[in-house]
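Colleague: Got a predicted model here, sequence first, then my questions.
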Amino acid sequence: MSDPDLDAAYALETPEDNRALYAAWAQTYDASFAKDMDYQLPRLVALVLAEVAQGVGPVLDVGAGTGLVAENMVMRGEVDALDISPDMLAVAASKGLYARTILGDLTGPLDLPDGHYGAVVSSGTFTHGHVGPGALDELLRVARSGAWFVLSVNAEHFEARGFAAKFAALEGRIDGLTHRQINIYGPDADAAHAGDLAHIVVFKKS
């Protein structure tokens, strides 16, 4: 296993790879990555969620990691954290921001009821070495009709990994699809990734 860093995360290929990397990274992730890289994406995703879904819940934070989206939420209410890494979830739970933490693998079925959530949010999960567009069907299943989705998708993958095609194929199941391209990192990021971009995708379940 490579030392935990952004390049190692981008090189992940399997759920087992994810669990191993984030087990090694969980305790230092906030300081050694989020702070050092001026990681802006969770804050921006949380702000967009507040714009469109103020007061809507419960919220499912998908790929919650150490809880950076919840830390930046201006809305308060029932928020559940879902992640493949028990070690990252343990850090998230220690912050006291979530109603519950849920261990789950987005590449398969989730042990969650149909139509439960009023909003689904995700930052940094749909990216290199992580989860593809096939996971959207399962997330739609656990959301109720009218639920808001605010999801980040790495810009390099938006077309190349089939996200744009998947969103088009979901016509009739989702409404009001919009997306905006933003910088993942702030001005203090290292030069190798300073220009990395993501789409923040917003829609409602029909």
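Modeller: Perfect, I can see it now.
Colleague: going forward, measure contacts between C-alpha atoms and count neighbours the same way
Modeller: Will do.
Colleague: what number of residues lie near residue 60?
Modeller: By other CA atoms under 10 Å, 27 other residues sit near residue 60.
Colleague: pLDDT of the longest helix seen in the chain, averaged?
Modeller: Among the segments of the chain that qualify as a helix by DSSP state H, the longest is helix 41-53. The predicted model assigns helix 41-53 a mean pLDDT of 92.
Colleague: List the buried residues in whichever helix or strand comes after that helix.
Modeller: Beyond helix 41-53 on the C-terminal side, the first helix or strand identified by DSSP states H and E is strand 59-62. Neighbour-count burial for strand 59-62, counted by 16 or more other CA atoms under 10 Å, picks out 59, 60, 61, 62.
Colleague: coming back round to it: and the longest helix of the chain, what does it pack against?
Modeller: Applying 3 or more CA pairs under 8 Å, 6 or more residues apart in numbering; DSSP states H and E, one finds that helix 41-53 contacts helix 68-72, strand 117-126, strand 143-154.
Colleague: can you give me the offset of it from its chain's centre?
Modeller: Relative to its parent chain, helix 41-53 has a centroid offset of 12 Å by CA atoms, centre = their mean, to the nearest Å.
Colleague: Could you tell me the angle between it and strand 117-126?
Modeller: Per axes from the mean of the first three to the mean of the last three CA atoms, to 10 degrees, the angle that helix 41-53 makes with strand 117-126 is 150 degrees.
Colleague: now helix 41-53 and strand 143-154, what's the angle there?
Modeller: 140 degrees.
Colleague: Sketch out the strands for this structure, chain order is fine.
Modeller: Secondary structure of the chain (DSSP state E): strands at 59-62, 79-83, 100-103, 117-126, 143-154, 174-183, 197-205.
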